[in-house]
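[1] Give me a model of this one.
(one chain, ligands or ions: 1)
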Amino acid sequence: MSPVLPRSKSVTDPIDALLSAHGLRRTVAARRVLGWLLAHPDTSYTHAQLQVALAGEGDAADGSALDRVTLYRLIDRLTQVGLLLCRVDASRVRRYQAMPSSVHAMPHFECQSCHRDSPLESALQASADDLDRAAQSALEALKALGYQGMSLDFAVRGVCADCATGAATAAAKG
Ligand SMILES: [Zn+2]
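    Model prediction:
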């Protein structure tokens with residue numbers, strides 16, 4: 001058995017944590033958009049629908065309505081980093097929803113030599129969309145069959161680049 005390192009859990013707001021983890025600024029607007037979509041995980045929205053939904057929701061809280069351009073940019077950004085799932089519907093309109101949490105379970109690499117567990121997000125950047133799509137369709141297929149409460153963990157096991165080149169081994173011996 002390889003040792004399991006405890007994963008530190010942040011005590012901050014989960015939405016803030018998600019934004020930070022994906023390199024986004026924790027603006028009021030970003031919190032509202034992501035917060036709304038996470039609160040309605042099974043609904044997909046067009047830009048227009050989202051704008052209407054947020055306009056009704058945010059006014060009392062901070063008095064600022066999200067303008068269209070800001071909203072569009074935010075949605076693009078959130079989609080780029082994989083927090084939102086974008087689909088084109090039958091009428092060729094883009095619809096957005098929160099990326100199911102089970103899908104963007106971070107791919108990670110477990111080294112069988114040094115037992116380090118490292119995130120693969122950047123290493124797999126180029127295929128991140130394909131992985132998300134594959135995971136998404138697998139989960140949807142299972143959901144259709146009646147499976148529930150699924151989560152998905154994408155772990156790759158092997159020997160990391162450091163160990164493979166002997167650097168980590170040499171350091172451990174020295
Ligand atoms: Zn290693």
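[2] CA atoms for contacts and neighbours, from now on please.
    Will do.
[3] tally of neighbours for T27?
    By other CA atoms under 10 Å, 10 other residues sit near T27.
[4] any idea of the pLDDT on it?
    Here, the pLDDT recorded for T27 equals 92.
[5] Next, give phi and psi for it.
    T27 has phi and psi values of phi -80, psi 160 when expressed as degrees, to the nearest 10.
[6] and this structure, which residues reach the ion?
    Within the chain, the residues that sit near the ion (CA under 5 Å from the ion) are 111, 113-114, 160, 163.
[7] So which of those residues are in helices?
    C163 (DSSP state H).
[8] Keep only those of the residues of the chain next to the ion that are in strands.
    C111 (DSSP state E).
[9] Among the residues of the chain next to the ion, name the buried ones.
    111, 113, 160, 163 (16 or more other CA atoms under 10 Å).
[10] The second one is in contact with D162, isn't it?
    No: applying CA atoms under 8 Å, one finds S113 not in contact with D162, separated by 9.8 Å.
[11] counting contacts, what elements does the helix or strand harbouring R157 pack onto?
    Following DSSP states H and E, one finds R157 within strand 155-158. Contacts defined by 3 or more CA pairs under 8 Å, 6 or more residues apart in numbering; DSSP states H and E place strand 155-158 against strand 108-111.
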